[in-house]
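Undergrad: turn this into a structure:
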Amino acid sequence: MKNYLALFLSTAVLVSCGRFGNKNQKEENPVRIVCLSKQYNEIIFALGAQQNLVAVDLSSTYPPEIKKLTTVGYHRALSAEGILSMKPTLIIHDNNVGPEQVMKQLSDLKIPMLVFKTKGEDIASAKALTSEMGDYFNKKKQADSLNEKLDADMKTALDAATTLKDKPTVMIIHFGRANNVYLTMTKHSTSAKLIEWAGGEITLDGERGMMQLSPEVVAKTDPDVLLLTDFGYDQLGSLDKIKELPGVAGTKAAKSNRIFRVEEHDMVYLGPRTGAIVLNLQKLIRQHAAQ
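TA: Numbers count the residues shown, from 1 in each chain. The predicted model follows:
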């Protein structure tokens, strides 16, 4: 650790003189960013600011090219060794990281860490976060363009939602089924906001954004539409297999074949693509029974 600390401090002094993408920066002392937030990472790529990104956490799966980068573990189960092996000059995270002793160890090494001020929990703050990150990475014009598109897509989606006569009930199952328990999104989740904007409704109540449900509760809830995130859907492999799941078979969603696959990273945070995601959800949940 002492040798790494000495190397880090000498590197930090040199890179502090430059900014991201500075051509005058010496190649032997590049900016090396490890980012531990899926929301931040998507925005970094959308801004075109990923040139100094060397590693991410396992939950960062969008855009597809991010999978070429080294991963340093799940954002709540990190190891100092994995992060330090990337020789970071900056660690970016959203405070949803751990364990605590690992973060303290990294802090004790005096590695610069950055948490953006804006939370990005609604459309206004999602735009503000994109702007804040655009300013930081010298990508203000790109941030403005992303926010303009988000506004346009959201207007299209919300205008269409006002013309709908009914509001289908939706259940979102995350990670499929484990030990005969379903992990589902509640009305207090980001997913619920997306579904509401799309013209549907998640009726499942709970103190947190996700909760575990038994097959009996799933059957009793009886949603009009069932969405499975990619891992669970792909693991089962087909609509027929999903319809055989305990608690699912008797639902209105199963009887009408209104069961669809969604990407997990589309459903759990807001960002530049949120408007486009809402438009896609609108198409899914408004589909009639499959023939």
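
Undergrad: can you mark which positions in stretch 71-89 are buried?
TA: For stretch 71-89, burial by neighbour count (16 or more other C-beta atoms under 10 Å) applies to Val72, Gly73, His75, Leu78, Ala80, Gly82, Ile83, Leu84, Met86, Lys87, Pro88, Thr89. C-beta: built from backbone N, CA, C; applies to glycine.

Undergrad: if you could redo that for stretch 231-247, that was the one I meant.
TA: Result for stretch 231-247 [16+ other C-beta under 10 Å]: buried residues Gly232, Tyr233, Leu236, Ile242, Lys243, Leu245, Gly247.

Undergrad: sorry, back to before: and which of the buried residues of stretch 71-89 is nearest Pro168?
TA: His75 (33.1 Å; C-beta to C-beta).

Undergrad: wait, isn't Phe45 in contact with Lys67?
TA: No - taking contacts as C-beta atoms under 8 Å, Phe45 lies outside contact range of Lys67: 11.5 Å.

Undergrad: not counting sequence-adjacent ones, nearest residue to Glu65?
TA: Phe45 (7.3 Å; C-beta to C-beta, 6 or more residues apart in numbering).

Undergrad: now the strands: where do they sit in the stretch 151-291 of the chain?
TA: Secondary structure of the stretch 151-291 of the chain (DSSP state E, counting those that start in this stretch): strands located at 170-178, 181-185, 210-213, 225-229, 259-262.

Undergrad: circling back: what's the neighbour count on the residue nearest to Glu65?
TA: Per other C-beta atoms under 10 Å, the neighbour tally for Phe45 reads 18.

Undergrad: equivalent analysis for Asn95, please.
TA: For Asn95, using other C-beta under 10 Å, the count is 10.

Undergrad: then Lys283?
TA: 11.

Undergrad: now do the one 3 residues further on
TA: Arg286 is surrounded by 17 other residues when neighbours are defined as other C-beta under 10 Å.

Undergrad: if I look at it, how far off is Leu84?
TA: Distance of Arg286 to Leu84, computed by C-beta to C-beta, to the nearest Å: 49 Å.

Undergrad: about what we covered before: list just the nearest of the buried residues of stretch 231-247 to Leu279.
TA: Among the buried residues of stretch 231-247, and counting by C-beta to C-beta, the member closest to Leu279 is Tyr233, at 20.3 Å.

Undergrad: out of the buried residues of stretch 71-89, which are inside strands?
TA: Counting by DSSP state E, no part of these is found in strands.

Undergrad: and which of these is nearest Leu158?
TA: Closest to Leu158, out of all of those and judged by C-beta to C-beta, is His75, at 31.6 Å.

Undergrad: any regions of the stretch 101-250 of the chain where pLDDT drops low?
TA: Applying pLDDT under 70 to the stretch 101-250 of the chain flags residues 176-179.

Undergrad: run the last query once more with 80
TA: Counting by pLDDT under 80, the stretch 101-250 of the chain has low-confidence residues at 175-180.

Undergrad: what segments of it are helices?
TA: 123-136, 140-161, 190-198, 215-221, 230-236, 239-243 (DSSP state H, counting those that start in this stretch).

Undergrad: and the last one, what does it pack against?
TA: Counting contacts by 3 or more C-beta pairs under 8 Å, 6 or more residues apart in numbering; DSSP states H and E, helix 239-243 packs against strand 259-262.

Undergrad: same deal with the fourth one?
TA: Packing contacts for helix 215-221, counted by 3+ C-beta pairs under 8 Å, 6+ apart, involve strand 170-178, strand 181-185.

Undergrad: pipe the ones you listed into a markdown table and attach distance to Leu213 and mean neighbour count per row.
TA: Compiled in a markdown table, the helices and strands packed on helix 215-221 are given as follows (distance: least, C-beta to C-beta, whole Å; neighbours: other C-beta atoms under 10 Å):
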| stretch | distance to Leu213 | mean neighbour count |
| --- | --- | --- |
| strand 170-178 | 9 | 21 |
| strand 181-185 | 5 | 21 |
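
Undergrad: adding distance to Glu263, write those strands out as CSV.
TA: Shown next, in CSV, are the helices and strands packed on helix 215-221 (distance: least, C-beta to C-beta, whole Å):
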stretch, distance to Glu263
strand 170-178, 11
strand 181-185, 14
